[in-house]
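> Structure for this input, please:
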Amino acid sequence: MEVLPLVALIAVSAAVAGAARRTPVPAPLLLVAVGLVAAYVPGVPSYALDPHIVLPLLLPPLLYTAAVDSSYLDLRANIRPVALLSVGYVLFATLAVGYAAYLVMPALSLPVALVLGAVIAPPDAVAATAIARKLGLPNRITTILQGESLVNDATAITAYNVALAAAIGTSAGWAGGIAEFLVASVGGVGVGLLLMVPIHQLRTRLKEPLLQNTLSLLIPFVAYAAAERVHASGVLAVVVVALYLGHRNWQVDFATRLQEEAVWKVIAFVLESVVFALIGLQLPVVLKGLGEYEGLTAAWYAIAVFLAVVVARFVWVFPATFLPRWVSERIRSRETDTDWKAPVIVGWAGMRGVVSLAIAFSIPITVPHRNLILFLTFTTVIGTLVVQGLTLPPLIRLLKLPPKDVQAETLAEAQAQSEASRAAEERLAELLEQPENSTLPPPLADRLRTVLERRRNAVWERLGEVNPETGESADDVYRRLAGEMIEAEREVFVQLRDQRRIDDEMLRALLRRLDLEEAAAYREQG
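Numbers count the residues shown, from 1 in each chain. Below is the predicted model:
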């Protein structure tokens with residue numbers, strides 16, 4: 001691809017995603033819609049979705065950033081529902097949707113229909129994460145959806161490889177398929193386990209934040225490539241490494257964490273925006289190869305497959321939610337009780353995405369009815385994103401799911417900060433008694449205590465009363481006044497630079513100091 005079309009794709013995608021933040025429409029849906037329209041705008045180049053780019057170059061960083069931001073402890077606490085969805089549901093959907101397609105479309109053989117089923121079986125990690133963030137779903141539902149979407153791609157890719165081997169006549173049978181699945185899954189986890197500790201040790205030993213962040217950018221590609229090299233699941237390797245590093249991120253120095261968070265936010269924003277725009281832009285490519293099928297017939301096939309995908313998810317989700325609780329007293333005692341509302345949300349939140357399209361584009365041209373499979377994958381992705389994505393917010397409001405308890409979360413944060421501040425006070429008292437610290441002037445020691453007191457009180461102040469006229473808490477007023485004071489200093493520094501009383505190098509150093517002060521003042525806003 002030429003440079004200018006690529007730059008234009010990134011710029012327009014980012015602009016649309018930024019505009020979506022000002023609307024109630026989730027960014028993935030708006031990006032797909034714009035991509036569909038732009039595909040037929042004169043002068044817009046053709047953007048072909050290359051699986052050799054999407055799977056090894058786009059998927060690893062997207063999975064990495066989603067896994068790093070996930071909670072290992074929450075995922076471990078919900079391992080049963082996550083496993084039932086990410087492994088059990090994907091295999092069930094492959095068989096159920098594939099068999100339904102086989103019944104509806106006489107031209108498809110069963111192995112080719114199962115290829116279609118495997119391609120559209122996995123809900124998309126990017127779509128699930130983006131929409132869950134936008135909707136503010138309860139923590140447990142968000143954890144389950146994110147956990148499912150992190151692992152299910154590995155299951156789907158393995159199922160696809162087995163079905164494809166059967167379709168082109170190179171299958172080793174069911175035993176061979178099961179063996180391939182075990183090798184891919186166990187191997188992927190094994191590669192992740194082998195890499196995670198050395199990578200973390202290297203991160204903690206590097207003292208230069210730029211080097212540490214360079215390593216951070218390479219990690220998902222190294223993990224993915226290493227696993228794929230031994231024919232294991234690169235997806236699982238990336239997820240295992242990312243979960244471990246995210247869980248141990250506190251052991252990396254603060255400068256690295258600040259830079260890394262900013263870098264990965266930009267990368268995730270750009271990649272997510274481009275990925276969803278690319279989905280819509282594939283429409284001309286998909287329709288071009290559909291010439292052998294009549295419009296009404298193709299439309300009926302698309303509707304049938306979409307309905308099969310939606311129904312299959314509900315058929316799996318409800319028994320997977322309630323049957324284990326009915327059968328096992330241990331599960332009932334360990335897991336919180338649930339009603340019918342949560343599985344309805346999980347069942348309806350099965351949006352498909354770019355991974356399904358990338359797998360579909362990777363189908364060899366020798367596979368019978370490849371163009372039809374590509375078309376049905378595209379319509380299923382668009383259908384789930386638009387239909388389910390647009391109706392999910394009103395469905396959540398209709399079901400009146402309990403929102404996050406912000407008051408309880410703030411109270412827990414305040415209590416945690418209070419305990420940490422108490423430990424810091426005791427440590428400061430010990431340090432000030434040591435002879436080597438006796439030269440610290442009392443005003444500086446008081447400043448350390450003041451900063452600590454400010455940090456402890458800040459969270460408690462968020463629980464206090466707010467100004468009835470402005471809606472500001474005491475903490476809000478503090479941040480606003482601190483910002484005004486810092487801005488006054490910033491203006492003076494710039495004036496001094498313009499008067500040539502300080503040079504640009506000194507200005508940058510002074511502004512960076514103010515930037516850190518401002519970031520500290522606004523740290524509670526997130």
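
> how about the nearest residue to Val386, chain neighbours excluded?
Ranked by C-beta to C-beta, 6 or more residues apart in numbering and with sequence neighbours excluded, the top spatial neighbour of Val386 is Leu29, at 6.4 Å. Where you see a C-beta, it was placed from the backbone N, CA and C, and this is true even at glycine.

> ok, now how distant is the one you found from Ala268?
18 Å (C-beta to C-beta, to the nearest Å).

> Who has more neighbours out of these two?
Shown here are Leu29 and Ala268; by other C-beta atoms under 10 Å, Leu29 has more neighbours (23 against 20).

> pLDDT wise, what is the more buried one at?
Looking at Leu29, its pLDDT stands at 85.

> Remind me which helix or strand it belongs to.
In this structure, Leu29 is located in helix 27-38 according to DSSP states H and E.

> list the helices and strands that helix packs on?
helix 3-20, helix 125-135, helix 254-281, helix 389-399 (3 or more C-beta pairs under 8 Å, 6 or more residues apart in numbering; DSSP states H and E).

> Low-confidence ranges, the stretch 1-150 of the chain, go.
1, 125-136 (pLDDT under 70).

> Over to the stretch 301-450 of the chain?
For the stretch 301-450 of the chain (pLDDT under 70), the answer is 403-406.

> hey, where'd the helices end up in it?
Counting by DSSP state H, counting those that start in this stretch, the stretch 301-450 of the chain has helices at residues 329-334, 341-348, 354-361, 370-383, 389-399, 406-432, 442-462.

> Just give me the neighbour total for Leu4.
With other C-beta under 10 Å as criterion, Leu4 counts 9.

> what do you get for Trp264?
18.

> which one in the chain is furthest away from the centre?
Pro435 (50.1 Å; C-alpha atoms, centre = their mean).

> which residues touch it?
With contact set as C-beta atoms under 8 Å, 6 or more residues apart in numbering, Pro435 has no partners.

> again with Gly187
227, 230-233.

> For those, please prepare CSV with the additional fields secondary structure, neighbour count and distance to Val240.
Shown next, in CSV, are those (DSSP: H, G, I helix; E, B strand; the rest coil; neighbours: other C-beta atoms under 10 Å; distance: C-beta to C-beta, whole Å):
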residue, secondary structure, neighbour count, distance to Val240
Ala227, helix, 28, 9
Val230, coil, 14, 14
His231, coil, 12, 17
Ala232, coil, 22, 11
Ser233, coil, 29, 10
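
> Where does confidence bottom out across the residues you listed?
Scoring those by pLDDT puts His231 last, at 89.

> Hmm, Ala184 and it touching each other?
Yes: taking C-beta atoms under 8 Å as the definition, His231 is a contact partner of Ala184 at 7.2 Å.

> Next, format the contacts of Gly187 as CSV and append distance to Asn78.
Putting the contacts of Gly187 into CSV (distance: C-beta to C-beta, whole Å) gives the following:
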residue, distance to Asn78
Ala227, 24
Val230, 29
His231, 30
Ala232, 25
Ser233, 21
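
> Among those residues, give me the pair with the biggest separation.
The distance between the two most remote of the contacts of Gly187 (C-beta to C-beta) is 10.2 Å, for Val230 and Ser233.

> Which of the contacts of Gly187 sits closest to Glu260?
Comparing the contacts of Gly187 against Glu260 with C-beta to C-beta picks out Ala227 as the nearest, at 22.8 Å.

> mind listing what the closest one touches?
187-188, 191-192, 233-234, 236-238.

> Looking at those residues, point me to the pair that's furthest apart.
Maximum distance among the contacts of Ala227 (C-beta to C-beta): 13.3 Å, for Gly187 and Val238.

> quick check: angle from the helix holding Leu29 to helix 254-281?
40 degrees (axes from the mean of the first three to the mean of the last three C-alpha atoms, to 10 degrees).

> Quick one: residues in contact with helix 27-38.
12-13, 16-17, 19-21, 23, 44, 126-127, 130-131, 134, 272-273, 276-283, 351, 353, 382, 385-386, 389-390.

> Can you tell me which of these are classed as buried?
Among the contacts of helix 27-38, the ones that count as buried by 16 or more other C-beta atoms under 10 Å are 12-13, 16-17, 20, 44, 126-127, 130-131, 134, 272-273, 276-283, 351, 353, 382, 385-386, 389.

> Pull up the gap between the residue nearest to Arg480 when sequence neighbours are not counted and Leu481, please.
Using C-beta to C-beta, 6+ apart and skipping residues adjacent in sequence, the residue nearest Arg480 is Glu472, 7.2 Å away. Using C-beta to C-beta, we find Glu472 at a distance of 11 Å from Leu481.

> before we move on, what about Leu395?
For Leu395 relative to Leu481 (C-beta to C-beta), the value is 43 Å.

> ok, these two, which is more surrounded?
Per other C-beta under 10 Å, whichever of Leu395 and Leu481 has more neighbours is Leu395, with 16 against 11.

> residues near the residue lying closest to that one once chain neighbours are set aside, how many?
Spatially, and ignoring its direct neighbours in sequence, Leu395 is nearest to Trp348 (6.1 Å; C-beta to C-beta, 6+ apart). Trp348 has 20 neighbours, counted by other C-beta under 10 Å.

> didn't Trp348 look like it was pressed against Pro394?
No: assessed by C-beta under 8 Å, Trp348 is found out of contact with Pro394, at 10.9 Å.

> Over to Arg21: give its phi and psi.
phi -70, psi -20 (degrees, to the nearest 10).

> Kindly tell me how buried the closest residue to it other than its chain neighbours is, as a neighbour count.
Among residues not flanking Arg21 along the chain, Ala27 sits closest, at 7.0 Å (C-beta to C-beta, 6+ apart). By other C-beta under 10 Å, 23 other residues sit near Ala27.

> Spell out the secondary structure type for the residue nearest the centre of the chain.
Centroid-nearest residue in the chain, with C-alpha atoms, centre = their mean: Ala66, separated by 3.3 Å. Ala66 falls in the helix class when you classify it by DSSP: H, G, I helix; E, B strand; the rest coil.

> Please report how far it lies from Phe314.
Taken as C-beta to C-beta, the span from Ala66 to Phe314 is 25 Å.

> Over to Val183?
32 Å.

> Show me where the stretch 101-250 of the chain has its helices.
Assigned by DSSP H, counting those that start in this stretch, the stretch 101-250 of the chain shows helices spanning 110-119, 125-135, 139-167, 173-205, 209-229, 234-247.

> Turn the ones you listed into CSV, columns for distance to Tyr301.
CSV is the format used below for the helices of the stretch 101-250 of the chain (distance: least, C-beta to C-beta, whole Å):
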stretch, distance to Tyr301
helix 110-119, 10
helix 125-135, 23
helix 139-167, 18
helix 173-205, 26
helix 209-229, 33
helix 234-247, 29
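
> Among those helices, which comes closest to Leu431?
helix 173-205 (23.8 Å).

> what pLDDT, on average, does that closest one get?
88.

> Give me the distance between it and the centre of its chain.
How far helix 173-205 lies from its chain's middle: 21 Å, per C-alpha atoms, centre = their mean, to the nearest Å.

> picking up where we left off before, the residue nearest to Arg21 and Gln495, how far apart?
Counting by C-beta to C-beta - Ala27 and Gln495 are separated by 40 Å.

> do the same with Leu218
From Leu218 to Gln495 the distance is 43 Å (C-beta to C-beta).
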